[in-house]
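Participant: 3D model of this:
(one chain, ligands or ions: 1)
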Amino acid sequence: MNLYIKGEKVRNTTQNTDLHQIMASNNVLKASEIFEGQVHLYKHLYAHAVDCMSIKWMIELGIPDIIHNHCQPISLPKLVSILQIPPSKVRGVKSLLRYLAHNGFLQIVRVHHSTEENEAFSLTPASHLLVKGTDLCLAPMVEAFINPSMAHTWSHLKKWTYEDDLTLYDVSLGSNFWDFLSKNPAMNESFNEAMASDSQMINLALRGCKWVFEGVETIVDVGGGTGTTAKAICDAFPNVKCTVFDRPQVVEKLSGTKNLTYVGGDMFESIPKADAVLLKWILHDWNDEDCKKILENCKEAISGKGERGKVIVIEAVINEGQDEQGLTGVKLLMDVQMTCLNNGKERTEEEWKKLVVEAGFQSYKISSFTRCLSLIQIYP
Ligand SMILES: C[S@@+](CC[C@H](N)C(=O)[O-])C[C@H]1O[C@@H](n2cnc3c(N)ncnc32)[C@H](O)[C@@H]1O
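Facilitator: Okay, here's the model as predicted:
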């Protein structure tokens, strides 16, 4: 084996010990550390495409639906026969399924048929969320975010770094994200469906925090999309009147019900009046200056409601010291997304506190909501 350090050939060696000594004498890493580094690098390098695309593939082939409808773990031959996979691709399908199992999207179980024992695949909590037609299906999130124009955006990171105030969306799409959606109806629909699918989780979380809505008679869901969260609130609290307030392009074709109304407008101009304003996944899209403006408009919207008035924010709170590493990883990934794509950010509790105070509010209270998101009540 030829060994090069800083581009110069040092010697031929086949022995790890030689390599180790050479590295040590040049004051660089130990061989074991180098090999570990290579594993780490390749893991992330190959995962770049395969981690996301294998999930997309799984949804496109309807594998979660097939396993769900099979009502028991499914063997590879059975799955191959349902999907009519050509023999030449069976080995590739097996490879993808094994990797999806490695990543927690499938579980490999042993099933017994008379004297035979075979492998079969079952769903995990993560892939249960990809079964279509259920109340909690996140497939639209995958479809919207693994869209070629969205995925392509990240190849502009270097250009973004030197483009002063421009966001990654500005650099790659030629406009901010909301203007891009306004001009691309298909993407607009796909994004709204993705947001709606995420908001279905609200139903589950609302059960644990009914007290938050006690005494609230009217609520406006600012940036409420197509109204999934508002509908969940209306179902859980039939006496609450909800207004979904969003960009005109999002709400113009939607019709309300007895206690649900859609209003189009711009939250930077004014927000309809209510006892409470809800902001779910809104403030992380914006920088502190923009957030202050939105929060000031929220304060105006609840003014005159006395003690009943409040703003309910549903967002992540970065808590590196206390959250377990996997959860922190997701929040940091969301922060990279928000920071680069929109010039927004995910915030720590300190950052939330500063924002709330600077927007003119007196106090706030953070409670747990879903695993990723907290519920922050802000009082004038
Ligand atoms: C990240 S999405 C969140 C949607 C929804 N709250 C949810 O969690 O499912 C942000 C929402 O803000 C809306 N939005 C963006 N700019 C807005 C503006 N200036 N005024 C009102 N809504 C706006 C978008 O149309 C979008 O529906």
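Participant: How about whatever residue of the stretch 101-250 of the chain ends up closest to the ligand, nearest residue that isn't a chain neighbour?
Facilitator: Nearest residue of the stretch 101-250 of the chain to the ligand: G223, at 2.9 Å (CB to the nearest ligand atom). (Glycine included, C-beta is placed from N, CA and C.) Nearest non-adjacent residue to G223, counting by CB to CB, 6 or more residues apart in numbering: I282, 4.2 Å away.
Participant: ditto for L375
Facilitator: F369 is the one closest to L375 (CB to CB, 6+ apart), at 4.2 Å.
Participant: What is the neighbour count of the residue of the stretch 101-250 of the chain closest to the ligand?
Facilitator: G223 has 19 neighbouring residues, counting by other CB atoms under 10 Å.
Participant: Repeat that for H102.
Facilitator: H102 sits with 10 neighbouring residues when counted by other CB under 10 Å.
Participant: For the residue of the stretch 101-250 of the chain closest to the ligand, list the residues it contacts.
Facilitator: F245, D246, M267, L279, K280, W281, I282 (CB atoms under 8 Å, 6 or more residues apart in numbering).
Participant: give me phi/psi at the residue nearest to G223?
Facilitator: With angles defined as degrees, to the nearest 10, I282 sits at phi -110, psi -50.
Participant: hang on, isn't it packed against L295?
Facilitator: No. Contact criterion CB atoms under 8 Å: I282 and L295 do not qualify, at 10.2 Å.
Participant: ok so, going back, taking the contacts of G223 together, which two end up most distant?
Facilitator: Greatest spacing in the contacts of G223, by CB to CB: F245 and W281 (14.3 Å).
Participant: In terms of neighbours, single out the busier of those two.
Facilitator: Per other CB under 10 Å, whichever of F245 and W281 has more neighbours is F245, with 26 against 19.
Participant: just checking, what packs against the longest helix belonging to the chain?
Facilitator: In terms of residue count, the longest helix belonging to the chain (DSSP state H) is helix 31-60. Counting contacts by 3 or more CB pairs under 8 Å, 6 or more residues apart in numbering; DSSP states H and E, helix 31-60 is packed against helix 16-25, helix 87-102, helix 139-145.
Participant: Tell me if the shortest one is near the ligand.
Facilitator: Spelled out, it's helix 139-145. No. Shown here: helix 139-145 not in contact with the ligand (CB under 6 Å from any ligand atom), separated by at least 10.3 Å.
Participant: So which elements touch that helix?
Facilitator: Using 3+ CB pairs under 8 Å, 6+ apart, the elements in contact with helix 139-145 are helix 31-60, helix 185-199.
Participant: Flag every buried residue along the first one.
Facilitator: By that I understand helix 31-60. In terms of neighbour count (16 or more other CB atoms under 10 Å), helix 31-60 has its buried residues at A31, S54, I55, K56, M58, I59.
Participant: contacting residues around the spatially most central residue of the chain?
Facilitator: For the chain, the residue nearest the mean C-alpha position is M334 (6.7 Å; CA atoms, centre = their mean). Taking CB under 8 Å, 6+ apart as the criterion, M334 is in contact with H284, A316, E346, C372.
Participant: And the contacts of stretch 200-209?
Facilitator: Contacting residues not belonging to stretch 200-209 are listed as 135-137, 228-229, 232-233, 235-236, 280, 314, 367, 369-370, 373, 375 [CB under 8 Å, 6+ apart].
Participant: Could you list which of those residues belong to strands?
Facilitator: Of those, the ones assigned to strands by DSSP state E are K280, I314, S367, L375.
Participant: who wins for most neighbours among those?
Facilitator: Using other CB under 10 Å as the neighbour criterion, K280 leads these with 24 neighbours.
Participant: ok, for it, nearest residue in space, not its chain neighbours?
Facilitator: The shortest distance from K280 to any non-neighbouring residue, by CB to CB, 6+ apart, is to I314 (4.0 Å).
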